[in-house]
Every structure is written in structure tokens, then in C-alpha cells.
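Enquirer: Fold the following and give me the result.
(4 chains)
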There are 2 protein chains.
Amino acid sequence: MDDRKKIILKAIVDDYVRTCEPVGSKSLVRRHNLSYSSATIRNEMAELEEMGLLIKPHTSAGRMPSDKGYRAYVDNLLSLPEIPLEEEIAARQFLSENLREAREMIERTAEYLAEKTNYLSVVLSPQYSDTSLEQIKIMMIEPGRAIVVLVLSPGVVHDRLIRIPSLIDEKDLQEIGHAIERCLAGKRLDDITLVTISSAAEATDLPEVLVNQVLYEAYIAIKQTERIDVYIDGKYQLLKHPEFRDVNRASRFYDVVRQEQMVAGYMREMEQEEEQNIVEGLDKIEKMESAPKALATQKDRPAYMVRIGQEIALSGMEDMSFITTTYRIGRQISGQIGVIGPKRMEYGNIISQISFVNRVLCDVAKDHYARGGDHPAIEG
Amino acid sequence: MDDRKKIILKAIVDDYVRTCEPVGSKSLVRRHNLSYSSATIRNEMAELEEMGLLIKPHTSAGRMPSDKGYRAYVDNLLSLPEIPLEEEIAARQFLSENLREAREMIERTAEYLAEKTNYLSVVLSPQYSDTSLEQIKIMMIEPGRAIVVLVLSPGVVHDRLIRIPSLIDEKDLQEIGHAIERCLAGKRLDDITLVTISSAAEATDLPEVLVNQVLYEAYIAIKQTERIDVYIDGKYQLLKHPEFRDVNRASRFYDVVRQEQMVAGYMREMEQEEEQNIVEGLDKIEKMESAPKALATQKDRPAYMVRIGQEIALSGMEDMSFITTTYRIGRQISGQIGVIGPKRMEYGNIISQISFVNRVLCDVAKDHYARGGDHPAIEG
DNA sequence: ATTAGCACTCGAGGCAGTCGAGTGCCAATG
DNA sequence: CATTGGCACTCGACTGCCTCGAGTGCTAAT
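Expert: Here you go, the predicted model:
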């Protein structure tokens, strides 16, 4: 593809993204001050159409990008705007202000991204690979009920209410708790199974039936920590985009979004693929080719993935584009950030934003975990 | 208003709710096999219009109910369908299956209601009036961080991560925790203030600066338990209703819904009013008049409130109707259940549903709190 | 290789006419 | 005297027709 074709394709995509209307040769020349006549453009357009990059809604209309056209645009023609410093300061402030729990950080990330992009944002809570259980405490609430508090190695805390046999009293529970802790503390989550945990039973003198039930509940609580939490924001703003005029289309889309766990699962899959692509991508960059779906940017800057239309393997999303990136906090913690919008999306801008947010989130998180107990003094 | 007018008004509202189209005299006669001619109906309609119960979009169109028309319908003409027994069994099952935390119960209530009504459902987490603090435990996570676990009198558990001075070690923290518990246990939440809690400082030998900070954080954690959690479901189904064709209208509505805390606050207000109305309502029922906004049904059956159009004091909701009811679990716990839909709403059906769900929720909750530690044994 | 020019296409928008489901009103009626 | 049949009128929805403008592809000239 020669340079002129590239310029024209880029111009068409840019215009179409702005206006949502098929763009014609004449107006393209006018709007971009091109140094070719409209006839030339027409010829080029015809060729681009033959290559499958453009489509015409009907004979006498202008052209709009096909999925393949967007693909080419994203892979080769993208310009990524810089995020100004004052915005960085604001974002950092927004994410870190009055921060207490990791959950809030994730929620705010989703909120910020939705706000800035006007599309739908999805942020997955961190997954902990190679994480181990540091502490486990069980506390009596009342006869029959207790709370399990788990501390994982990167300082993450989970808790869950459980039911226990009402015969167990506070002292018994303490004892069982200590037994479990002795048995599991320091173990990797993956290594904790019903079998490992049941060995804790041997360390107590209490009747096995009682202990076993507590062990089982504790086990469930531990496994529960691996659930992915999904934070979605900006659901409604999408309605403002013209492609959502069609109610059926909108409904079909929202039917997918409702199934948050499915979206989350899909994002995790994309993460795997992204990792592969980074490797391939670096490879290709050396050979001066272009990476296919993931653009691994210079080291230390986060990579991202773009899925366009049919490429999204979630039925109901065929008309959308999905941009994701993986955030990593230290080695153990990783999660996903994503933006979903119409195919007619401001790719450059969104990719800048998502990479930017990724970076800020990591910084804030590191800060959060590092910062000790320095804290404003008590008032009143 | 004579009986015939009532029949006609009811027929018009029913038809309009079904079709969303102005209903004319002739088709009304046809559809309902009325024993009057269309001319008679026309005369009656003209009078109903004069009374402000009906409106015409233009001269030669049929009539549709005005806000006041809906009001009259809801207050006097409603027929409340019975919920069949098998649905009751299913609902009970759905709400109580594998239930661990109270939160899940509320979430599921919202889900069930949205599913059944095809409108938007809002459920507020319980508020505890006259609640006291039963236990408070503080546990060290790592230097600088701890978790506060609070148990309130109806067996409700809250927790929150806090920051503490990193100089404090596990033993100190225990000591402070016990001091707080001694000082606060059994106290009503309303009676706990920064002053009461700070008296706990005197019970320890630790440096006041350190203790004060923990006390402050614990205080925040306690106050935090009074936050209202809002569970909303069915946001998207509303899009399927024809009144949401207009994107601007939809956007305006969603702008309100996004502000969940505002909606929650408004529902709490409605609760107050409902209580008043029940009293007045009972009064009026004795005098054989009709209650205005809240229809206090026979004792033990829950009351509900209906707000129609302009009556909703949330700007952006003028085109909607809002039905709420208060659930009460025992004396101390109460919360709100609501359904929001277009004014053209199946009032009878929704009111039946919402009252029904209220009843089931209460039953399940009582069950949940009563049930001891009887639980399936450990497997594996 | 580029471009000016021309014939052709197609959707959007404006206009007139028809149709159907309404209405209000009046005079006839049991 | 409440009810009803009949009639004239209204208005939105639909249809067909026309024009306009922004496109296109193709060809011949530069």
C-alpha cells in the first residue's frame, strides 16, 4: 500500500469517525486540503474498496471503512495523542484521594475511563498469580456464624461470612483457626486443596465432624478469593452514540454486557493472547514488520489489544470494538482494563487514554501498597 | 364519579397501558364488549377530559390518561392479581438458595423483581434503627494496616480496612481493640460519637497520639455501617419500552438513575410519608373514603406507595412512575423495595409483585436469621 | 499518471392526495 | 331525558411524485 493510499485511508477513517456518515471524494479533498483532485481520490478509493478496506452502503454514496479498513488503520496509521501533564496530575489525584481499599481504586479507574472516553469501560479486579496465604483468622459472630478473614501475600484482604456448627464455641473456633493457620500459612493458593486443608483436623482434639464443617467453609472462602470482580462504568453514555439509535441493536449489546462474568472471562482470554503477541510483536518490530493485533510499544510502556467487530468472539458484540490492556502491579498482581465502543471509535485517543490510565493505576497502586501508616492525625 | 365513568376510565387505562396508543370510543366498545354505543362513550370521555383525567394529543385522536387519570385508576380502580403458589415456591427458592450473606438476599430481590416486572427495580439495604453495637474486633493485617469487624445487634456484620500508625504492634492493637469494645459494646449506634469513643483512650497505657488515630478510624468504620447500599437491576430492559425510543429522554432518565444515592435518599423520604399515609389511610378506610397515596391494605399485608409523573420529586423522572414498599424484618430492620417504569405501567401487576416480593423477602430473612448452624457436612 | 467533464444513481426532503380512526354536535328515539 | 345514529370535520400516517445534492464510474484530454 503506497503512501497516498495510506493518507487517504486515514483521512476517511478520521472523517467517518467524526461524522458517522459515508465520506465522498470531493468533501474529502475539501476538508483535508489534499493536493489531488477528487477524481484521483475516486480512483484510489475504488482500489481501496477492491482491497476490502472500504465499503459503500449503496452505489452512489460515499465510502466507509470496513472491519479490515479499521484494522489497517489501527495497525499502521494510528496517531496517539499525548496526555497533558495537568490531566495526569488530576487523574492521579482522583484515583488516590482518600483511598482505603484496593476495590475503590479499581472502581475509580472504571469511572475515570468512562468519563474520559464517553464509551463503556470495564476493569477487572486483580488476579494474583503465585499468591500465597499469609494469614487466616476466624472470628465468632454468634453461635452458628463466623467470619473468615484472609490476608494474601501482596497485602490483599478478603473476608466472608460462614456458618459453623452451633455447638462450637469461641474457644474451639480459635483453636480450629490456629490449626488452619499453622497448616496453610505461607502456602500458595493453588496448592490449597480440600486434602491439604483437612490435615488441619488432626491438630485438634475436637470432634472431627465439627471441625470438618469449618474446614470446608474456610476452604470455600479461600477459593472465593479467586473470583474475578468486574467493574463496568459508562453503560448509558453509549446510548448517545448514533449507532445505538436502533433499540434492538442496543438491547442485544446490553444483553451481553449484563453477563459481566462472560465479558470478564473473555478479557482474561485476550490477556493470554496479548502476551503471545507481545513476543511476536517485538519479533516483528525487529524485522520491521507490523505486529498484528497487539502493538507492543517500547519496553515499560504498556501494550494493548484491539478487537474490531467480528474479531470479538462474544456474540452480540459484532458491531463493537474492544480495546484492552493489562495492568501489572509488581510481579504477582495483574488485571485487565478495557473500553468498549462502536467500531466507529476514536482509536488513537482511546488507546492513549487506556495506556495512560494503566500507567497511573500502577503508580497509584504501588504507592498505596508501599505507603506505611502515615496518616492524618485524629481530629476532634 | 358514577360507575360507568369508572368502567370507562379503567378500560381506557388498561388499553393504553397495553398498546401505548390513544384509545378511541369505537375501538373501546369493540374491545370490551361494552353495552353502550360509541357516542355515549364519547360523551363520557368528554366529561372525563373535563375532569382532567384524560387528555388528547390532538383534536382528532383518541384519549390517553393524564397523571390525574392514572392517579384515579391507582387509587380506586386497581385490580391486584394473585400470585400463584408455584411462583411463590420458586421465588422463595431463588432468594434463599445457598444464601450466606444478607447482601445476597437483597441483590437477588432486585434481580427477581426486575426479571418479573420488566421494569427497573431498586432495593435498599436495610437500615437499622435502634441498633446497637454488639462486638467490635480489630485485627492486624500488616504493620500500618488493620481490619475492623463490627457485629450489630440483629446479627449483621460489617467490616472495613483501616490504616493505623505503623508503630503499633499486634499486642497494642489487641489492647486498643478490647478497650474500644469495653467502651462501646451494647451502645446504640446513635449514641456513639467521637466523644464517647475517645473515652476508650483512657483505658490504655499507650501513647495517646497512637490510640487516637485508631479510635478515629474505628469511629469512621462504625459510622460507615449506616451507609445505604443500593441495588438496582433491570436498567436495560426499560429501553425496550416505546417511551424510551427518544434517546434524550432515555439519557435524562439514566442520568438520574446513575445517582444511586439520590434515588436512595428519595426512597427513604417516601418511607416516612408512607408511614404517615398508613395512619391516615386506615383512618379513611374506616370512614369509607379512599386513601390518597398509600393504600394500607389489610393488616399484616404490606402497604405500598405510588408516585406518578410530576409527583416524583426527582428532576428527570417526570415521565416515570415509581412504586415503593417498605420491608421490615423484625422491629429493628427496615428497607425499601421499588420499581420504576414509564407512567404507562401495569400498576396492578407491579403492585402485586412488589408486595409479594416484600412478603417473601421477609420470610426468607427471618428464616435466614433464625436458622442455626445446621449445614451440609464436609465432603471430600 | 492525473484530471476535467459528463452521465448516472440514490437518498433526503418537500408537496399533494387519500385513507382511516378519531372527534363534536345535533336531532331522533324508547 | 339519557341514549344513539348520523354527519361533518380533523389530523396523522401513508403513498406517490418531484427535485436537489452529493456521490459514483468512465472516458478523453493534458
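
Enquirer: Which residue ranges of the stretch 251-380 of chain A form helices?
Expert: Listed in chain order, the helices of the stretch 251-380 of chain A (DSSP state H, counting those that start in this stretch) span A:260-286, A:347-370.

Enquirer: Indicate which one of these is closest to residue A:68.
Expert: Evaluated with C-beta to C-beta, the helices of the stretch 251-380 of chain A place helix A:347-370 nearest to residue A:68, the distance being 14.3 Å. Where you see a C-beta, it was placed from the backbone N, CA and C, and this is true even at glycine.

Enquirer: do that closest one and chain B meet?
Expert: No - Helix A:347-370 lies out of reach of chain B by C-beta under 8 Å from any C-beta of the partner chain, never closer than 9.7 Å.

Enquirer: Which positions in that helix come out as buried?
Expert: By neighbour count on 16 or more other C-beta atoms under 10 Å in any protein chain shown, the buried set for helix A:347-370 is A:347-365, A:368-369.

Enquirer: Just send the helices of the stretch 251-380 of chain A back as CSV, with mean pLDDT too.
Expert: Shown next, in CSV, are the helices of the stretch 251-380 of chain A (pLDDT from 0 to 100):
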stretch, mean pLDDT
helix A:260-286, 75
helix A:347-370, 91
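
Enquirer: Please identify the one among the ones you listed that comes closest to residue B:48.
Expert: Using C-beta to C-beta, the nearest of those to residue B:48 is helix A:260-286, at 47.5 Å.

Enquirer: follow-up on the earlier one: same list, the helices of the stretch 251-380 of chain A, but as CSV with distance to residue A:325 please.
Expert: Listed next are the helices of the stretch 251-380 of chain A as CSV, based on distance: least, C-beta to C-beta, whole Å:
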stretch, distance to residue A:325
helix A:260-286, 8
helix A:347-370, 5
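
Enquirer: how near is whichever residue of the stretch 51-200 of chain A sits closest to DNA strand C to residue B:267?
Expert: The minimum distance from the stretch 51-200 of chain A to DNA strand C, using C-beta to the nearest atom of the strand, falls at residue A:60 (2.6 Å). Distance from residue A:60 to residue B:267, counting by C-beta to C-beta, to the nearest Å: 55 Å.

Enquirer: Pick out whichever of those two has more residues nearby.
Expert: residue B:267 (24 against 7; other C-beta atoms under 10 Å in any protein chain shown).

Enquirer: Quick check: the more buried one vs residue A:95, distance?
Expert: To residue A:95, residue B:267 is 31 Å away according to C-beta to C-beta.

Enquirer: Same question for residue A:361.
Expert: Going from residue A:361 to residue A:95 by C-beta to C-beta gives 7 Å.

Enquirer: do residue A:354 as well
Expert: Distance of residue A:354 to residue A:95, given as C-beta to C-beta: 14 Å.

Enquirer: same question, residue A:206
Expert: To residue A:95, residue A:206 is 47 Å away according to C-beta to C-beta.

Enquirer: the more surrounded of these two?
Expert: Comparing residue A:206 with residue A:95 by other C-beta under 10 Å, the one with more neighbours is residue A:95, at 24 against 18.

Enquirer: For the host helix or strand of the more buried one, what does the pLDDT average out to?
Expert: Secondary structure from DSSP states H and E places residue A:95 in helix A:85-96. On average, the pLDDT along helix A:85-96 is 96.

Enquirer: Flag every residue of chain A that's near DNA strand C.
Expert: Contact residues, chain A versus DNA strand C (C-beta under 7 Å from any atom of the strand): A:35, A:36, A:37, A:39, A:40, A:43, A:58, A:59, A:60, A:61.
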